[in-house]
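S.K.: okay, predicted coordinates and the sequence, questions at the end:
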Amino acid sequence: MALIKAAHDGVVGTVTLDYPEKRNALSRELIGEVCAALAEFREARLRAVVLRAAPGVKVWSAGYDIVALPETHRDPLGWDDPVRHLVRAVAEFPAPMLAMVEGGVWGGACEVVLACDVIVIAPSATFAITPAKLGVPYNVSGLLTFLNAAPARIVREMAFSAKPVDATRAERLGMINHLVPAGELESFTYGLAKAIAENSPLAVSVMKEQLRILEGAHAISPEDFERLQGLRRIVYDSADYTEGLRAFKEKRKPQFSGR
Ligand code: YXS
């Protein structure tokens, strides 16, 4: 079953998330399709790509496929998890990726949007960092994406409260590039994509790669990394992690004990 739509005009590509039954949850299958589309776009040497959902959606993406998270005793968000694959595919795509957003963006999907090079949103867009709501230990690479996209104090508030940030606040904080009326979302985004596509693709591509490397140039010692992995392991081995996932499946609020 196709969970996305992909199309291009030889210059600008579009990937549309199209899994409304599960609110565009980022299942392994859906992410596989997005990555395959990006691989084709790379071959076609497209000069910009728009990542979007269907027009008028209330939920741009509900984030990680919670049902697919491992029960316990296994890192749910390791190097090989599908969201990490998608974030790397977005960051390493050789041309700019523009996220065009209306509706709610949750958890892992928030990271995917913030990993895009340019973000254009409609007034209905909201952004939430959700691991604390579910008892999930987010990973260092993912937190770095958030830190590169918003001030550290805002990342802290979003991560600790899991409350959505609305469109006007996201604009005020500089988390996104443009907030435009819903009726102008497409024309504005594709206008920007075309303007980018008219510039030198080689210069644009090498600047994107340099910015990616510079954004990741934070020194972390092997000892610190191991320590953080150990702390994360305590979270995914906890009763609270099991409770968070179970509560989602049972459609109720989790009762966290701190153990
Ligand atoms: O009951 P059915 O079978 O129809 O399925 C329901 C939901 O269970 C399903 N669904 C999801 N399935 C897997 N993973 C998800 N993230 C997910 N979200 C939703 O889709 C069907 C329709 O959902 P429903 O009835 O709740 O829709 P709604 O329109 O009333 O509400 C939309 C949402 C987005 C407000 C609501 O579905 C919701 O709160 N979803 C979870 C949002 C969330 O917490 N996302 C974080 C995912 S975890 C993640 O990204 C990382 C691991 S982390 O948290 O660490 O960043």
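M.R.: That came through fine.
S.K.: wouldn't His85 be in contact with Leu30 here?
M.R.: No: assessed by CB atoms under 8 Å, His85 is found out of contact with Leu30, at 11.4 Å. Glycine gets a C-beta too; all of them are placed from N, C-alpha and C.
S.K.: and these two? Which one has more around it.
M.R.: Counted by other CB atoms under 10 Å, His85 and Leu30 do not tie: Leu30 has more neighbours, with 23 against 16.
S.K.: so what's that one up against?
M.R.: Taking CB atoms under 8 Å, 6 or more residues apart in numbering as the contact definition, Leu30 lies against 3-4, 17, 19, 24, 65.
S.K.: quick one, what contacts Asp240?
M.R.: Residues in contact with Asp240 (CB under 8 Å, 6+ apart) are 135, 254, 256-259.
S.K.: what separates it from Ser257, distance-wise?
M.R.: Look at Asp240 and Ser257: by CB to CB, to the nearest Å, they are 6 Å apart.
S.K.: cool, and Met207?
M.R.: For Met207, the distance to Ser257 equals 49 Å [CB to CB].
S.K.: of those two, who's got more company?
M.R.: Legend: neighbour count by other CB under 10 Å for Met207 and Ser257, higher for Met207 (13 against 9).
S.K.: ok, and the closest non-adjacent residue to the closest residue to the ligand within the stretch 51-200 of the chain?
M.R.: Of all residues in the stretch 51-200 of the chain, Gly107 sits closest to the ligand, at 2.2 Å by CB to the nearest ligand atom. Excluding its sequence neighbours, the residue lying closest to Gly107 (CB to CB, 6 or more residues apart in numbering) is Gly63, at 3.0 Å.
S.K.: distance of the one you found relative to Trp106?
M.R.: When distance is defined by CB to CB, Gly63 is 4 Å away from Trp106.
S.K.: between these two, what contacts are shared?
M.R.: Listed contacts common to Gly63 and Trp106 are Thr130; contacts here mean CB under 8 Å, 6+ apart.
S.K.: just the helices in the stretch 101-250 of the chain please.
M.R.: Using DSSP state H, counting those that start in this stretch, the helices of the stretch 101-250 of the chain run over 108-115, 131-134, 140-149, 152-161, 167-172, 185-198, 201-215, 222-236, 239-249.
S.K.: redo those as JSON lines? Include mean pLDDT.
M.R.: JSON lines is the format used below for the helices of the stretch 101-250 of the chain (pLDDT from 0 to 100):
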{"stretch": "helix 108-115", "mean pLDDT": "98"}
{"stretch": "helix 131-134", "mean pLDDT": "96"}
{"stretch": "helix 140-149", "mean pLDDT": "96"}
{"stretch": "helix 152-161", "mean pLDDT": "98"}
{"stretch": "helix 167-172", "mean pLDDT": "98"}
{"stretch": "helix 185-198", "mean pLDDT": "98"}
{"stretch": "helix 201-215", "mean pLDDT": "97"}
{"stretch": "helix 222-236", "mean pLDDT": "95"}
{"stretch": "helix 239-249", "mean pLDDT": "96"}
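S.K.: so the residue nearest to Gly107 makes contact with Thr130?
M.R.: Yes: using CB under 8 Å, Gly63 is in contact with Thr130, at 6.4 Å.
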